[in-house]
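Undergrad: Predicted structure and sequence below. I'll ask about it afterward.
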Protein chains: 2
Amino acid sequence: MATAHETPAPDRVPPAKFEVLVAPPADGSTRARLGRLTLPHGVVETPQFMPVGTNATVKALDPHDLRAAGATIILSNTYHLYLRPGHERIARLGGLHQFMAWNRPILTDSGGFQVVSLGELRKIDDGGVTFQSHLDGSYHRFTPELSIEVQEALGSDIAVAFDQPVPPASTAPTALAEATARSNVWAARSLEAHTRPDQAIFGIIQGGLDPELRAESTRVVAGLPFDGICIGGLAGDETPAQREATLDVVVELLEAAADPRPRYLMGLGSPVDLLEAVHRGIDIFDSVLPARVARNGQLWVPGGRLNMRNAQFVDDQRPVQEGCRCPLCRNFSRAYLAHLFRSEELLAYRLATCHNLTFTLDFMAEIRSQLRSGTFAAGLPELRATATPSRSSASAVQSQ
Amino acid sequence: MATAHETPAPDRVPPAKFEVLVAPPADGSTRARLGRLTLPHGVVETPQFMPVGTNATVKALDPHDLRAAGATIILSNTYHLYLRPGHERIARLGGLHQFMAWNRPILTDSGGFQVVSLGELRKIDDGGVTFQSHLDGSYHRFTPELSIEVQEALGSDIAVAFDQPVPPASTAPTALAEATARSNVWAARSLEAHTRPDQAIFGIIQGGLDPELRAESTRVVAGLPFDGICIGGLAGDETPAQREATLDVVVELLEAAADPRPRYLMGLGSPVDLLEAVHRGIDIFDSVLPARVARNGQLWVPGGRLNMRNAQFVDDQRPVQEGCRCPLCRNFSRAYLAHLFRSEELLAYRLATCHNLTFTLDFMAEIRSQLRSGTFAAGLPELRATATPSRSSASAVQSQ
């Protein structure tokens, strides 16, 4: 499978080039690998985490903050930008990169997750999804073809096929089978609709927690000439063990086929969850989690979390994390941040977000460093101790 | 008057040194002057505008943003910091400069304005003001002595005497006379209570719009060895003409006495109002106005205002102000800012605030440049055209 994307037409420079720099060790101790994804707007080292800029802005940050945190690629949401300010407007204004002054790679999702989770009174048929805007109640219809049209207008480096995700653990078998079959068909329609030569397109594997549906979706999607493989329908209401078993189904099939493409697990954001998924062969992640919990006053530090709303911090002169390179930790005390949160000052949200994204991106950089030096498998216990403890309630926050 | 502050005790380095670099021209065409105020944390060129950092943060900005906008001194509010996080806590944490990571000069107000305008169920007597916190309803009492104690604990470069401001145009004559007399007495008590040798203290002239009360307050306050002279009880419900007539009363008396100290008009923020007050001999200003209207989507440009909530801007590719050096204008379009405001994204408030403060501080720099080159009086018509049009409703926003 996946032969088509390896033999591009000679007149087309592939918009995505993925190289595995360090393959998983032959001893089977881990499936983790070091890679490099070259896109029209720059190079992304993998494993990598993408901060989420829902409305063409990562909440509370500017592009300089993002670069300082170490972000090399961000995700932006097709559903939100389609509704406001409109993809055609962004295209007229020079595309999403120019609009938001971010000159590094951008991945747009397909809108599938938001149409289903945010759209009201949605009606799903084999053609697409009809829904009401969460902003003004107006009626809209998303199809694979429209999703691709919107993403081409936005001009992201990577577009994503339109799908129908469902909650993995709480969806009835027949509904799951139907959504998976539909997503498999929509993957082909999305690819067929895609025309923009300077934009990569990734397909999405669905299938919930059912091993057979996952395997079938993997075979279908990986059999199409996508530039990369998304694994959707996880980072939801499943347990870590269920997620890991499902990843194993997908990655074992991809490995068996020597699939050369990057693997992107959608919506996962807790560091320890990222670590375990890297260990199982995932290259790319996105989540609103680090930024969202930051805005609620939850700061990530090695081995734990600090809740800035706790009384203990109002007199604490120490930085949030000793030695952290972020602007919060370099300049301000826990006491000051605790004061800003209590006063509901806007600076609190920015500084806390800078920290949690720096923590997450530095954690990914540490993972890459260990992969480069061949110490990742041996270093797993220490990396697990560094990663913020996972909570199912916290890790169940999808990008939206 | 004002002889005492010119002959400091030999063992005391004056915490404030003010030099008039270019005196008003002898032809009487303007009372504007160029000056330099040297404070413990740095030099402030005058005429100068102080952004307001109510809760130890200028809303939406960090210290780097403030420096980039050109701020050399900021104001912070004694009333707010006393209530939260508490002046003793800030002192334990190393003082206000260290707490908020701002290493340039800070002026703290006395809390008089906020106690009267924000405190609930306030009761004013000759000893002080008893009031309820606007945060939690707890009871507090401010006196001149406590105001100074709080400001010394905060460690600002400039403390300000405790006073009782009243709305200038709408206060009955007997109430105005009583408040003015009380403020005059409290000025002396504030000065008496002040002990910190590395902190300047400014007195406040009150008197509303009554020329005799203003003159009396000017004689009393300027007769005390303060390091600078505040003019309070304006930038309220008065007309520009009333304000200007009142300024003339004060400044003529100070000029007649060859008073060497800086003059600070409290609470004025609209550029054209600043210009007219500079023209009448004022050196220093503060206001929340440029930042507050920015957060509402009002952007200041030469000769006008742009309201980013107007539909016309959603497709406007131009920067808010051509040639402006602020991060908004250097990187983003009006269309993007309009989108951020519509999406209620936090970045909108920061970018708009950066712009309006840059505009205000650059306008003051242009005034200083013309004073330096002797072209200020001749350049007044052009400066008036550049300044954003004043509206009584907009200029009536006091710092709080």
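TA: Received, thanks.
Undergrad: quick one: low-confidence parts of the stretch 1-150 of chain A?
TA: A:1-12 (pLDDT under 70).
Undergrad: what residues does it put near chain B?
TA: Proximity of the stretch 1-150 of chain A to chain B, by C-beta under 8 Å from any C-beta of the partner chain, involves residues A:55-57, A:59-64, A:84-85, A:89, A:92-94, A:99-101. Every residue, glycine included, has its C-beta placed from N, CA and C.
Undergrad: could you flag which of those are buried?
TA: Neighbour-count burial (16 or more other C-beta atoms under 10 Å in any protein chain shown) applied to those gives A:55-57, A:59-63, A:84-85, A:89, A:93, A:99-101.
Undergrad: Looking at the residues you listed, which are in helices?
TA: A:P63, A:R89, A:F99, A:M100 (DSSP state H).
Undergrad: could those residues be laid out in JSON lines, adding distance to A:R33?
TA: Below are these laid out as JSON lines (distance: C-beta to C-beta, whole Å):
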{"residue": "A:P63", "distance to A:R33": "29"}
{"residue": "A:R89", "distance to A:R33": "40"}
{"residue": "A:F99", "distance to A:R33": "34"}
{"residue": "A:M100", "distance to A:R33": "31"}
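Undergrad: confidence score at the residue located most distally from the centre of chain A?
TA: Centroid-distance maximum for chain A: A:D315 at 36.7 Å, with C-alpha atoms, centre = their mean. Per-residue pLDDT puts A:D315 at 98.
Undergrad: Pick out the residue closest to the middle of chain A.
TA: Central residue of chain A (C-alpha atoms, centre = their mean): A:D286, at 2.0 Å.
Undergrad: For that one, give me its contacts.
TA: A:F49, A:M50, A:P51, A:V52, A:L75, A:L107, A:Y264, A:M266, A:G267, A:L268, A:G269, A:S399 (C-beta atoms under 8 Å, 6 or more residues apart in numbering or on different chains).
Undergrad: Next up, the contacts around the fourth one.
TA: Looking back up the chat, that one is A:V52. So A:V52 contacts A:V58, A:I74, A:L75, A:S76, A:N77, A:D286, A:S287, A:V288, A:A291, A:S399 (C-beta under 8 Å, 6+ apart).
Undergrad: So which bits of stretch A:328-346 are buried?
TA: A:328-329, A:331-343, A:345-346.
Undergrad: ok, now stretch A:20-39?
TA: Applying 16+ other C-beta under 10 Å to stretch A:20-39 flags A:P24, A:T30, A:R31, A:A32, A:R33, A:L34, A:G35, A:L37, A:L39 as buried.
Undergrad: In its sheet, which strands sit next to the helix or strand A:E19 falls within, and in what direction?
TA: Here A:E19, judged by DSSP states H and E, is contained in strand A:17-22. If you go by DSSP bridges, strand A:17-22 pairs up with strand A:34-39 (antiparallel).
Undergrad: Distance of A:V13 relative to A:K59?
TA: The gap separating A:V13 from A:K59 is 34 Å, by C-beta to C-beta, to the nearest Å.
Undergrad: now for the host helix or strand of A:T174, which elements pack on it?
TA: In this structure, A:T174 sits in helix A:173-193 according to DSSP H and E. Counting contacts by 3 or more C-beta pairs under 8 Å, 6 or more residues apart in numbering or on different chains; DSSP states H and E, helix A:173-193 is packed against helix A:144-154, strand A:200-205, helix A:211-222.
Undergrad: Would you mind finding the most buried of these?
TA: Most buried of the helices and strands packed on helix A:173-193, by mean neighbour count (mean count of other C-beta atoms under 10 Å in any protein chain shown): strand A:200-205, with a mean of 28.
Undergrad: Identify all contacting residues around that one.
TA: When contacts are defined by C-beta under 8 Å, 6+ apart, strand A:200-205 is touched by residues A:14-16, A:39, A:107, A:110, A:112, A:148, A:157-161, A:163, A:183, A:187, A:190-191, A:194, A:214, A:217-218, A:221-222, A:224, A:226-232, A:250, A:264, A:266.
Undergrad: tell me how far it is from the chain's mean position?
TA: With C-alpha atoms, centre = their mean, to the nearest Å as the basis, strand A:200-205 stands 13 Å off its chain's centre.
Undergrad: How about stretch A:308-328?
TA: 28 Å.
Undergrad: how about the nearest residue to the closest residue to chain B within the stretch 151-300 of chain A, chain neighbours excluded?
TA: Proximity of the stretch 151-300 of chain A to chain B (C-beta to the nearest C-beta) peaks at A:R295, 8.7 Å away. Sequence neighbours aside, A:Y349 is the residue nearest to A:R295 in space, at 4.7 Å (criterion: C-beta to C-beta, 6 or more residues apart in numbering or on different chains).
Undergrad: Buried residues in whatever helix or strand A:A352 lives in, which are they?
TA: In the assignment (DSSP H and E), A:A352 maps to helix A:346-373. Residues of helix A:346-373 classed as buried by neighbour count (16+ other C-beta under 10 Å): A:346-364, A:366-368, A:370-371.
Undergrad: Distance from the chain centre to that helix, please.
TA: Using C-alpha atoms, centre = their mean, the offset of helix A:346-373 from its chain centre is 15 Å.
Undergrad: what's the answer for stretch A:55-69, then?
TA: The answer for stretch A:55-69 is 16 Å, by C-alpha atoms, centre = their mean.
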